[in-house]
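Enquirer: can you look at this prediction? I've put the sequence above it.
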Amino acid sequence: MINENEYIVQKRSVGQILLAIIKFIGFVILSTIPAQVIIILIINDHHFSNFVNGIFSLMWIFLIIVIAWYLWNRYYKYSGEQAQKMSWADIGYALGFFLITRLIAIVGTLLISWIHGEESTANDEILMSIANPEGTFAPYYILFLLAVGMLVPIIEELAFRGIGTHLLFKKHTFWLPLIVTSTIFGFMHNPTNVISFLLYGSIGVVFFIAYQRRKNILDSMLVHILHNGIGAALLLVMFIVDLITQ
């Protein structure tokens, strides 16, 4: 009797391939739920009392813990990999990959400004429009920054680089999962033109390479957290300073 991981790498029928694709789509959708829910809560926080909003905050924390736990278990089941400890050298590689993603983001944003006359991507504009602490229930704002900076990167890496790589493709393949998962990752970030799609798709490529370097999902998670977290951390510091100086 073979385990599920061994079954995945065998030659599959068209029906099995379609089922794997449907499963992957489901995992990707699942990974977007925490961000969508906290955005909905922020938009509608004025309809509820602080007590009710506090209850919703606890429910959201429980929701993202459950989703992260479920995706982690699916990743482990499909890959059979164990998360490896990170040495200082591994952290150094992660910092290098992070700098590459920042370079891609800077160059991409400059090209978007030059060619399309837009200051940033549509995805960044949506996030910045939401990331406004004025009139927002404070715990929601903090949870939103925590989600953007840390929690969403973790579940996205589990869904895309972890589950997607092993659910859709045979072991020891590189180029096809790199192209497919990075392409989907690019489309998932609301591209409005070719440059913004290439920007996010290229960042997805860097995350994939960070993971593939030693098949350790923690590596790509760290790069993704560094990439998203720098902006979230700055917004959080500004929010705390505003609270103190009020």
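Expert: Alright, I've got the coordinates. This is a predicted model, so every value here is computed, not measured.
Enquirer: can you tell me how far residue 135 is from residue 211?
Expert: 39 Å (C-beta to C-beta, to the nearest Å). Just so you know, the C-beta spots here come from the backbone N, C-alpha and C atoms, and that holds for glycine as well.
Enquirer: oh, I was asking about residue 145
Expert: From residue 145 to residue 211 the distance is 25 Å (C-beta to C-beta).
Enquirer: which one of those two has more residues nearby?
Expert: residue 211 (26 against 22; other C-beta atoms under 10 Å).
Enquirer: please, where are all the helices along the protein?
Expert: 4-9, 14-43, 50-79, 88-116, 122-130, 138-146, 152-157, 165-168, 175-187, 194-212, 217-245 (DSSP state H).
Enquirer: what about dumping the CA coordinates of the shortest one to PDB?
Expert: I take that to be helix 165-168. Extracted C-alpha coordinates of helix 165-168, given in PDB (Å, rounded to 0.1, in the frame of the first residue of the first chain):
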ATOM      1  CA  THR A 165       4.200  22.400  -5.900                       C
ATOM      2  CA  HIS A 166       3.500  18.900  -4.600                       C
ATOM      3  CA  LEU A 167      -0.200  18.500  -5.400                       C
ATOM      4  CA  LEU A 168       0.100  19.500  -9.100                       C
END
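Enquirer: elements contacting it?
Expert: helix 4-9, helix 14-43, helix 50-79, helix 175-187 (3 or more C-beta pairs under 8 Å, 6 or more residues apart in numbering; DSSP states H and E).
Enquirer: so which residues make contact with it?
Expert: Helix 165-168 is contacted from outside by 5, 8, 20-21, 23-24, 27, 75, 78-79, 177, 180-181, 208, 211, using C-beta atoms under 8 Å, 6 or more residues apart in numbering.
Enquirer: apply 6 Å and report the result again.
Expert: 20, 24, 78-79, 177 (C-beta atoms under 6 Å, 6 or more residues apart in numbering).
Enquirer: so which of these wins on neighbours?
Expert: Top of the contacts of helix 165-168 by neighbour count (other C-beta under 10 Å): residue 78, with 23 neighbours.
Enquirer: could I get the helices and strands packed on helix 165-168 as JSON lines with distance to residue 98 and mean pLDDT?
Expert: Shown next, in JSON lines, are the helices and strands packed on helix 165-168 (distance: least, C-beta to C-beta, whole Å; pLDDT from 0 to 100):
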{"stretch": "helix 4-9", "distance to residue 98": "30", "mean pLDDT": "47"}
{"stretch": "helix 14-43", "distance to residue 98": "21", "mean pLDDT": "93"}
{"stretch": "helix 50-79", "distance to residue 98": "22", "mean pLDDT": "96"}
{"stretch": "helix 175-187", "distance to residue 98": "16", "mean pLDDT": "95"}
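Enquirer: nearest to residue 242 among the contacts of helix 165-168?
Expert: Looking at the contacts of helix 165-168 and their distance to residue 242, the nearest is residue 24, at 41.5 Å (C-beta to C-beta).
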